[in-house]
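**Q** A predicted structure for the sequence below; I have some questions about it.
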Amino acid sequence: MPLVLRITLILISLFFILFVVKKVNEGKLQTQFSLVWLFIAAVIIVIAIFPQIMFFAAGLLRIEASSNLVYLLGIITLLFLMVNLSIKMSKYDNDIRNLVQDFGIYSFLKEQEEKNEN
């Protein structure tokens, strides 16, 4: 891995870490999600500092090029994140539906109570 690419990866990862920390401080990103992104940035920094890790892992898994391993790990990571976010989104969708139904029932009962008082 060329030195310029390694330095670029480290700088981009550091800026990304600062960006994530800023978004957490602003309250725009939850801590649980920020930990995943911070971990990914830290892994990128470690790989940029020690590229031999990828060469070793690619050889161990009998993958011809270490870049193929990087793409494979990236795709697996993105799939994991997408499934995790889909699960969260489904949970929030159910929570919103339940809240709307509860509010509808509450409004209906309140309206009936007001009619009975008159």
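**A** On my side now, so go ahead. Numbering: from 1, shown residues only.

**Q** Packing partners of the strand or helix carrying residue 54?
**A** In the assignment (DSSP states H and E), residue 54 maps to helix 52-60. Packing contacts for helix 52-60, counted by 3 or more Cβ pairs under 8 Å, 6 or more residues apart in numbering; DSSP states H and E, involve helix 31-49, helix 66-117. For glycine as for every other residue, the C-beta is placed from the backbone atoms N, C-alpha and C.

**Q** And the longest one, what does it pack against?
**A** Packing contacts for helix 66-117, counted by 3+ Cβ pairs under 8 Å, 6+ apart, involve helix 31-49, helix 52-60.

**Q** who wins for proximity to residue 112 among those helices?
**A** helix 31-49 (41.7 Å; Cβ to Cβ).

**Q** CSV for the helices and strands packed on helix 52-60, including mean pLDDT, distance to residue 5 and mean neighbour count?
**A** Shown next, in CSV, are those (pLDDT from 0 to 100; distance: least, Cβ to Cβ, whole Å; neighbours: other Cβ atoms under 10 Å):
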stretch, mean pLDDT, distance to residue 5, mean neighbour count
helix 31-49, 91, 8, 15
helix 66-117, 93, 11, 11
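
**Q** and residue 55, which of those helices is closest to it?
**A** Residue 55 lies closest to helix 66-117 among these, at 5.1 Å (Cβ to Cβ).

**Q** Just the angle for the closest one relative to helix 52-60, thanks.
**A** Calculated by axes from the mean of the first three to the mean of the last three Cα atoms, to 10 degrees, helix 66-117 forms an angle of 100 degrees with helix 52-60.

**Q** Let me see the domain layout of this protein.
**A** Per automatic domain parsing, the domain ranges recorded for the chain read 1-50, 67-118.

**Q** got those as TSV, with distance to residue 56 columns?
**A** As requested, the domains of the chain are exported to TSV (distance: least, Cβ to Cβ, whole Å):
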stretch	distance to residue 56
domain 1-50	10
domain 67-118	10
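
**Q** pLDDT wise, what is residue 118 at?
**A** Looking at residue 118, its pLDDT reads 69.

**Q** and residue 100, which of the helices and strands packed on helix 66-117 is closest to it?
**A** Among these, helix 31-49 sits nearest to residue 100 (Cβ to Cβ), with 25.3 Å.
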